[in-house]
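Colleague: Sequence and predicted structure, then a few things I'm wondering about:
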Amino acid sequence: MRLVRPTLFVILRKEKLIMLSIFFILTLCIYTLRGLSTKVPEKPLSNRIIAVDPGHGGMDSGSSHSGYYEKDLTLDLALVLAKQLEAAGATVILTRTTDTDLIDLVTIEEEIRITKEEYQKKLEEGTRINALDKGIALGTRTPPLYRLGLRARLLIAYQHNADILVSIHTNHFRSSSSKGAVTLYYQSSEKSKLLAERIQDHLGPLRPGRSHPDEVADDFFILRVSQIPAVIVEVGFISNKDDREFMLSDQGSKEIAEAIIQGIINYFSESDQ
Ligand SMILES: [Zn+2]
């Protein structure tokens, strides 16, 4: 009998030790996993849907200089931007990935119907109505063909529930000395303005010596009618040698994309407040 107690004691101690060890290992695992999960940084544009629109395309070449066409530059720049946006966690909707003007996606009848709806809405709101929009809505004007392609870009963005639309363009001027980036917004949209300002914050000073005005309030079709905050980023002047070479280079296009993305990140952090 005397031997039983120590044996039982030893067995109990062993069981306790095993239980304690398991508890210790489990606790260690939980803390390690927690540590790992907090170390993985949240991507800055997770849960954001961003429509990237390479300006022009197909029959519509946009501006050109020295054998380079705006429609090709905008597509190349947009593809780099899309890739980097995805790396930052965003869902990217590209309005085109090939050399197309998108005109076939919207019929004239459809464009007239949408314009009528927009006209009615603006009448009810009492907001300013563009003369061409009014003419199309009242049947005195016919939608120009280029408008169908622009409408298609907007409809693609809406179909995918995009939060914002960033349309990529290059600038052109008869004087080759004009250079630098300009981001355009629609003056009636506070969010469009904020997005343009934040993008310009980073894109403007990308290279020293740029002296072009920062934000330009404008009422281009895509900005005027967009239901989501939209901007046109005139990345640089195709007519300026330095801008052109910068936009055409791998390094330049990556820096341009990074600047636009920083602006978009800042826009979301401010517009969410
Ligand atoms: Zn353009």
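Modeller: That came through fine. Residues are numbered from 1 along each chain as shown.

Colleague: Which of the helices or strands spans V52?
Modeller: Counting by DSSP states H and E, the element that carries V52 is strand 49-54.

Colleague: now for that strand, which elements pack on it?
Modeller: Judged by 3 or more CB pairs under 8 Å, 6 or more residues apart in numbering; DSSP states H and E, the packing partners of strand 49-54 are helix 70-87, strand 91-94, helix 145-159, strand 164-171. (C-beta placed from N, C-alpha, C; glycine too.)

Colleague: Of those, which stretch is the most buried?
Modeller: Of those, the one with the most neighbours on average (mean count of other CB atoms under 10 Å) is strand 164-171, at a mean of 26.

Colleague: Could you look up the next helix or strand downstream of that strand?
Modeller: Where DSSP H and E defines the elements, the next helix or strand beyond strand 164-171 is strand 182-185.

Colleague: Near I114, how many other residues are there?
Modeller: Using other CB atoms under 10 Å, I114 has 18 other residues around it.

Colleague: ok, back up a step: same list, the helices and strands packed on strand 49-54, but as TSV with mean pLDDT and distance to the ion please.
Modeller: Shown next, in TSV, are these (pLDDT from 0 to 100; distance: least, CB to the ion, whole Å):
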stretch	mean pLDDT	distance to the ion
helix 70-87	98	5
strand 91-94	98	16
helix 145-159	97	11
strand 164-171	97	3
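
Colleague: Columns distance to E110 on top of these, output as TSV?
Modeller: Below are these laid out as TSV (distance: least, CB to CB, whole Å):
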stretch	distance to E110
helix 70-87	24
strand 91-94	20
helix 145-159	8
strand 164-171	19
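
Colleague: can you give me the helices in the protein?
Modeller: For the chain, the helices defined by DSSP state H occupy 4-39, 70-87, 108-125, 131-138, 145-159, 190-203, 221-225, 241-248, 250-271.

Colleague: Can you name every helix or strand that the fifth one contacts?
Modeller: Secondary-structure packing of helix 145-159 (3+ CB pairs under 8 Å, 6+ apart): strand 49-54, helix 108-125, strand 164-171, helix 221-225.

Colleague: So what touches the second one?
Modeller: Among residues not part of helix 108-125, those counted as contacts by CB atoms under 8 Å, 6 or more residues apart in numbering are 128-129, 133-134, 136-139, 142-143, 147-148, 151, 225.

Colleague: Could you give the separation of that helix from the chain centroid?
Modeller: Taking CA atoms, centre = their mean, to the nearest Å, one finds helix 108-125 lying 26 Å from the centre of the chain it belongs to.

Colleague: Around the ion, pick out the residues from the stretch 101-250 of the chain.
Modeller: By CB under 5 Å from the ion, the residues of the stretch 101-250 of the chain that approach the ion are H169.

Colleague: where in the stretch 101-250 of the chain is pLDDT low?
Modeller: Counting by pLDDT under 70, the ranges of the stretch 101-250 of the chain that qualify are 207-215, 217-218.

Colleague: From what I see, I260 and L81 are in contact.
Modeller: Yes - when contacts are counted by CB atoms under 8 Å, I260 is listed as touching L81 (6.0 Å).

Colleague: Overlap of the contact sets of those two?
Modeller: Common contacts of I260 and L81, defined by CB under 8 Å, 6+ apart, comprise V166.

Colleague: isn't L150 right next to F221, touching?
Modeller: Yes - using CB under 8 Å, L150 is in contact with F221, at 5.2 Å.

Colleague: And the residue nearest the centre of the protein?
Modeller: I50 (4.1 Å; CA atoms, centre = their mean).

Colleague: what does the model give that one for pLDDT?
Modeller: As predicted, I50 sits at a pLDDT of 98.

Colleague: Can you give me the neighbour number for the closest residue to it other than its chain neighbours?
Modeller: Spatial nearest neighbour of I50, chain neighbours left out: A90 (4.9 Å); criterion: CB to CB, 6 or more residues apart in numbering. Residues within reach of A90, counting by other CB under 10 Å, total 25.

Colleague: right, and the helices and strands packed on helix 145-159 - which one's nearest Q251?
Modeller: Of all these, strand 164-171 sits nearest to Q251, with 17.3 Å by CB to CB.
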